[in-house]
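Enquirer: Output the structure for:
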Amino acid sequence: MRKEQVEIKKLGINGEGIGYINKKICFVQNALPGEMVEVEIIEDNRKFLKGKVLKTMNVSSDRVESFCKEDHFCQGCSLTALSYKQHLPHKKGILKDALKKYTDFDVESLPIKAVIPAITQTGYKKVVSLPVTYFKGKVAVGIYQRESKYLTFMNNCSMQDPLINQCLVKIENILNEYKVRDYNDKVKKGLRFMKVRNIAGQIQVLFVTGQDGISEEVTKAIGQIEEVKSIYFTINTSRHQDFEQQGYKKIYGQSTLPFQCFEQQYLYSIKSEFPINPEMEMKKLDIMKSFIPENTSVLSLNCGIGLLELSLSQHVVAIDDKNYHIKDAKDNAKFLHKDNVEFICKNIDEATVQQCKKKRFDIAVIRCEELSRAIKQSLVLSKVKDVIYVSDHPSSLAKDLDELSSYYQIESIIPLDTYPYTSKLDTIVKLKRK
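Expert: This next block holds a predicted model:
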């Protein structure tokens, strides 16, 4: 066993500690900046080292006792041992590092705001998708951690909404009472996954099953849980996990659930994507809306069910490539008596090119990990005045900003801590035509 001592200089993009051994970068899980640690080298290749902490010689003043008993095993949250006050500068640092690496900007002079802290730091996840597994004679929702046989039970996760956790425990009890089994790939039967959403205190449950589906007696028992307002299932025996491509069958309850945003009510169907952290999603939408002046024409890409678009009085062309989003968006427009938004279901690139050739837009609102060549060219050639670009991928965002810098100047960069205790963040960038 090879042992080394390494001083941790900073945190990496996944929350791991970073130090250097003989000028070679070393990644160390569960180590914080300022700590000197003794590590076992578990990987050594041409580009980097990986170390496993054996002993910490001096503990960082920013280290706190993790509130999660699975801290050293579960790979879902990487920052539970770091004081929350340090999360925000760490995330701003991730963004700045990406801009330094992929652009020629003078990053220190860019208008990067302080990271907006999460409104709720734990229990914020209102959507969970979890595998169903069989362990010690019982079915449970849990995740086997990568490169190990360690099972993390997910019915009491600190990041998940408390009501979801309560319902998961009740559902597990019912499944075991009726002796439901997990999925068996050989016979193509059993439960594979469970998706649970809390939409304004109302629980929506989706089961992904084998060919046997789910029995009426089980769904009837789950339907007796007070908070559960609808139950769906979909049969999927393929190896891929893109469950949204399958047909969903409602077996109990309401077809849509209401959600309040911008002081008006929207309806969500089972397939439409609901934000994992609705509080921060609404904060993000408020900021985006503040950048859209009156009497402007708006092009909106990846609009979802139209939360932002249907709150505007401006003329909006809104595009999404998912038909269930556009169906909900149109239903919500009808429900809200809004006729200023044109919703289009089409490939985003193709629709953007077509719309930019047909019309002149003052503002483009774009939500995506990265911009395609077609979208960037359309923005430039059609001379869109302002761009509001929202991304949760700092590296791709930086590359796109670098490409657009010949035509647009950055007015504001606003990072948000949408996903506390992880290294992930959302960033809103306001661009203005030069």
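
Enquirer: wait, what's in contact with the residue most central in space within the chain?
Expert: Residue closest to the average C-alpha location in the chain (Cα atoms, centre = their mean): I276, at 6.4 Å. Contacts for I276 (Cβ atoms under 8 Å, 6 or more residues apart in numbering) come out as 124-127, 418-419. The way it works is simple: take the backbone N, C-alpha and C, and place the C-beta from them, glycine included.

Enquirer: Return the members of these classed as buried.
Expert: Listed as buried from the contacts of I276 are 124-127, 418-419; burial here means 16 or more other Cβ atoms under 10 Å.

Enquirer: Now tell me what touches the lowest-mean-pLDDT helix or strand in the chain from outside.
Expert: In the chain, the helix or strand scored least confidently by mean pLDDT, DSSP states H and E is strand 151-153, which has a mean of 84. With Cβ under 8 Å, 6+ apart as the test, strand 151-153 has contacts from 70, 73-74, 76, 133, 135, 140-145.

Enquirer: now stretch 41-58
Expert: The contact list for stretch 41-58, computed with Cβ under 8 Å, 6+ apart, reads 2-6, 21, 24-31, 34-40.

Enquirer: Report the buried members of the residues you listed.
Expert: By 16+ other Cβ under 10 Å, these give 4, 6, 21, 26-31, 34-35, 37, 39 as buried.

Enquirer: could you redo the buried ones among the contacts of I276 as JSON lines and give each row secondary structure, pLDDT and distance to S109?
Expert: As requested, the buried ones among the contacts of I276 are arranged in JSON lines below (DSSP: H, G, I helix; E, B strand; the rest coil; pLDDT from 0 to 100; distance: Cβ to Cβ, whole Å):
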{"residue": "Y124", "secondary structure": "coil", "pLDDT": "97", "distance to S109": "34"}
{"residue": "K125", "secondary structure": "strand", "pLDDT": "97", "distance to S109": "36"}
{"residue": "K126", "secondary structure": "coil", "pLDDT": "98", "distance to S109": "38"}
{"residue": "V127", "secondary structure": "strand", "pLDDT": "97", "distance to S109": "38"}
{"residue": "T418", "secondary structure": "coil", "pLDDT": "97", "distance to S109": "26"}
{"residue": "Y419", "secondary structure": "coil", "pLDDT": "95", "distance to S109": "28"}
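
Enquirer: CSV for those residues, including distance to V384?
Expert: Shown next, in CSV, are these (distance: Cβ to Cβ, whole Å):
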residue, distance to V384
Y124, 34
K125, 35
K126, 33
V127, 32
T418, 26
Y419, 30
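
Enquirer: Could you chop this protein up by domain?
Expert: 3-63, 107-118+276-433, 127-260 (automatic domain parsing).

Enquirer: mind checking which of the ones you listed is nearest A81?
Expert: Closest to A81 of the domains of the chain is domain 3-63 (Cβ to Cβ; 5.7 Å).

Enquirer: pretty sure V64 contacts L79?
Expert: No: contact criterion Cβ atoms under 8 Å: V64 and L79 do not qualify, at 10.2 Å.

Enquirer: Compare those two (neighbour count), which wins?
Expert: Neighbours per residue, other Cβ atoms under 10 Å: of V64 and L79, the larger number sits with L79, 21 against 14.

Enquirer: so who does that one touch?
Expert: So L79 contacts 15, 87, 90, 421-423 (Cβ under 8 Å, 6+ apart).

Enquirer: List only those of those residues flagged as buried.
Expert: Taking 16+ other Cβ under 10 Å as the criterion, what is buried in the contacts of L79 is 15, 87, 90, 421-423.

Enquirer: now, which of those lie within helices?
Expert: Using DSSP state H, the members of these that fall in helices are 87, 90.

Enquirer: of the buried ones among the contacts of L79, closest to E309?
Expert: Distance to E309, by Cβ to Cβ, is smallest for T422 among the buried ones among the contacts of L79, at 28.4 Å.
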